[in-house]
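**Q** coordinates for the following, if possible.
(4 chains)
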Protein chains: 2
Amino acid sequence: MEGLPSNEPKASPRRAPSQRRSRERVERMLAAASALIAEQGSDAMRMGEVAERAGVSIGSLYQFFPDKRAIIWALAERYTTEGQACISAALAVVSDAEGLRQAFSELVDIYYGLFLAEPVMRDIWSGTQADKALRQLELADSRANAGFLTAVLKLLRPNADPVSLETTAFLIWQMGEAVMRLAISVERQEGDRLVAAYKRMALRELTVA
Amino acid sequence: MEGLPSNEPKASPRRAPSQRRSRERVERMLAAASALIAEQGSDAMRMGEVAERAGVSIGSLYQFFPDKRAIIWALAERYTTEGQACISAALAVVSDAEGLRQAFSELVDIYYGLFLAEPVMRDIWSGTQADKALRQLELADSRANAGFLTAVLKLLRPNADPVSLETTAFLIWQMGEAVMRLAISVERQEGDRLVAAYKRMALRELTVA
DNA sequence: TTTAAACGTGAGTAGTTCTCACATTTGCTA
DNA sequence: TAGCAAATGTGAGAACTACTCACGTTTAAA
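**A** Numbering: from 1, shown residues only, chains lettered A, B, ... in the order given. Next up, the predicted model:
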């Protein structure tokens, strides 16, 4: 699945471009990487191809980016700092509950729009390296599991819109998986809190109309 | 990041073990893979190492598993069918809202326990191939973003438990990201519905105590 | 016993990331 | 302007890895 010797954060510090020439070249490298990720995904992106498209040698590429990950991270960083400013601005002006409603709603729309429109962000932030086929298997499986939940909901609320129930069940299930993944990535205590909060939220959604 | 020629579902059909000898050997291969994933993660798992630990040649390994993914999938499948039976059983007996509450609550606990206890499941189902360092960056970033939300919540509800508010904000933010990732993996229409449902759910959580 | 199919082997192929010894360019100082 | 050290640029090749294939061995059935 990889050619890297290991998964350790080898990220040895590389020289930072200090002269104008090299800064421009680094910019070209990032642009090339961005284009290739948009076209093929970061997994299929080849370092040699990045160098070629940027018009630099493979050695130059590695002079400023210690490994393949580094160039992807550099791109990711641009998006995140940009996004962070946007979020900060939108929430800074909130002063009451209604304001929060509006700001949050807009924020979700903006983010969703970004995810839909930016192939690079899409690739980097969502299962980049994870292989697509496995993701589809997971989805199919999750759908099957959510199906059991849907069946129960339909039984308990025969008058509700079936599509809406299906959406709710699938959403709750997927969120549950996401929370589990999150919970095992943080400290045990926080993980427990997050799972508990999820449970409370999901139950509220499941038991009220 | 990989040595595979491409990301396409090459999954050419391989011979299925029909004799007892080969069935046992396949079992050993799976056991070896499982152990290695538990020790190092599936990304660092080397096919040669799997073969060696299973006491078979690399050729034999590839006789039954077309590629590296296949052996990981095979392991994943075992967990999922097991889990599916568990879910089905737990939800089949639900007949009222209170029953749903209990069944769902238990299910979450069981799943969380599995995630915590099973390193292989953990690896396969959560950012398997995704690199750990990037995941930590994402988390730090998400925490920062959730921080803005936390600040607003603290402002609007000065009497609430700060830790609880932080947990809620982080959870909502992470769920949002998960829903976006999900939304772009399914058909546009369903994605839109899922995002809308998430928004409704999150807003309810944000505006009621 | 014969025989065809299933099974087993491991050196070798192809394709990747990343290195390194060396050449070139730049900016600074005398 | 000449001199020079640091920054920058190069690409053949080192080091790994997933995966193949031609050939040898075992199994089960006729």
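**Q** who are the contact partners of the residue nearest the centre of chain A?
**A** Residue closest to the average C-alpha location in chain A (C-alpha atoms, centre = their mean): A:W125, at 2.7 Å. Counting by C-beta atoms under 8 Å, 6 or more residues apart in numbering or on different chains, A:W125 makes contact with A:A76, A:Y79, A:F115, B:E138, B:E177, B:R181. From N, CA and C alone the C-beta is placed, and that goes for glycine too.
**Q** and the residue of chain A that's closest to chain B?
**A** Chain B sits closest to A:A178 of chain A, with a gap of 3.4 Å, by C-beta to the nearest C-beta.
**Q** neighbours of that residue, how many?
**A** 21 (other C-beta atoms under 10 Å in any protein chain shown).
**Q** follow-up on the earlier one: mind checking which of the contacts of A:W125 are in helices?
**A** A:A76, A:Y79, A:F115, B:E138, B:E177, B:R181 (DSSP state H).
**Q** out of those residues, who's nearest A:A38?
**A** A:Y79 (12.7 Å; C-beta to C-beta).
**Q** what about the residue lying closest to A:L182 once chain neighbours are set aside, which SS state?
**A** Of all residues not flanking A:L182 in the chain, B:Q174 sits nearest, at 5.2 Å (C-beta to C-beta, 6 or more residues apart in numbering or on different chains). Classification of B:Q174 by DSSP: H, G, I helix; E, B strand; the rest coil places it in helix.
**Q** same check, this time on the one 5 residues further on
**A** Three-state call for B:V179 (three-state DSSP): helix.
**Q** circling back to that earlier point, which one of the ones in helices among the contacts of A:W125 is nearest A:N159?
**A** B:R181 (32.5 Å).
**Q** how much space separates the closest one from DNA strand D?
**A** 25 Å (C-beta to the nearest atom of the strand, to the nearest Å).
**Q** neighbours of the closest residue to A:R25 other than its chain neighbours, just the number please.
**A** The shortest distance from A:R25 to any non-neighbouring residue, by C-beta to C-beta, 6+ apart, is to A:V56 (5.6 Å). When counting by other C-beta under 10 Å, one arrives at 19 neighbours for A:V56.
**Q** my guess is A:V56 contacts A:V26, does it?
**A** No - judged on C-beta atoms under 8 Å, A:V56 makes no contact with A:V26 at a distance of 9.1 Å.
**Q** disregarding flanking residues, what is the spatial nearest neighbour of A:L149?
**A** In space, A:L149 is closest to A:A169, 4.1 Å off (C-beta to C-beta, 6+ apart).
**Q** where's the one you found, which helix or strand?
**A** helix A:162-183 (DSSP states H and E).
**Q** show me where chain A dips below the pLDDT cut-off.
**A** A:1-13, A:126-131, A:209 (pLDDT under 70).
**Q** go again using 50 as the cut-off
**A** A:1-11, A:129 (pLDDT under 50).
**Q** A:A151 and B:R46: what is the separation?
**A** 43 Å (C-beta to C-beta, to the nearest Å).
**Q** the two: which has the busier surroundings?
**A** A:A151 (16 against 12).
**Q** B:S88 is in contact with the more buried one, correct?
**A** No - counting by C-beta under 8 Å, A:A151 does not reach B:S88; the two are 9.7 Å apart.
**Q** show me where chain A has its strands.
**A** With DSSP state E, there are no strands along chain A.
**Q** from it, which residue is nearest to DNA strand D?
**A** Nearest to DNA strand D in chain A, going by C-beta to the nearest atom of the strand, is A:G59, at a distance of 1.9 Å.
**Q** residues near that residue, how many?
**A** 8.
**Q** for it, which residues are in contact?
**A** A:G59 neighbours (C-beta under 8 Å, 6+ apart): none.
**Q** quick revisit: ok, the residue nearest to A:L182 to B:S142 distance?
**A** Taking C-beta to C-beta, one finds B:Q174 at 6 Å from B:S142.
**Q** between the two, which one's more packed in?
**A** Counted by other C-beta under 10 Å, B:Q174 and B:S142 do not tie: B:Q174 has more neighbours, with 26 against 17.
**Q** how near is A:A32 to A:G55?
**A** 8 Å.
**Q** quick one, which of these two is more surrounded?
**A** Taking neighbours as other C-beta under 10 Å, A:A32 and A:G55 compare with A:A32 leading, 21 against 11.
**Q** who's in contact with that one?
**A** Neighbours of A:A32 in contact, by C-beta under 8 Å, 6+ apart: A:E49, A:V50, A:A51, A:R53, A:A54.
**Q** how many residues are close by A:V179?
**A** 26.
**Q** how about it, nearest residue that isn't a chain neighbour?
**A** Nearest to A:V179 is A:Y198, by C-beta to C-beta, 6+ apart, at 4.4 Å.
**Q** re earlier: between the contacts of A:A32, which has the most around it?
**A** A:V50 (25 neighbours).
**Q** so that residue sits against A:L61, correct?
**A** Yes - between A:V50 and A:L61 there is a contact at 6.2 Å, judged by C-beta under 8 Å.
**Q** which neighbours do these two share?
**A** Contacts common to A:V50 and A:L61, judged by C-beta under 8 Å, 6+ apart, are A:M29, A:I71.
**Q** coming back round to it: how about JSON lines for the ones in helices among the contacts of A:W125, with neighbour count added?
**A** Shown next, in JSON lines, are those (neighbours: other C-beta atoms under 10 Å in any protein chain shown):
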{"residue": "A:A76", "neighbour count": "22"}
{"residue": "A:Y79", "neighbour count": "16"}
{"residue": "A:F115", "neighbour count": "21"}
{"residue": "B:E138", "neighbour count": "19"}
{"residue": "B:E177", "neighbour count": "19"}
{"residue": "B:R181", "neighbour count": "17"}
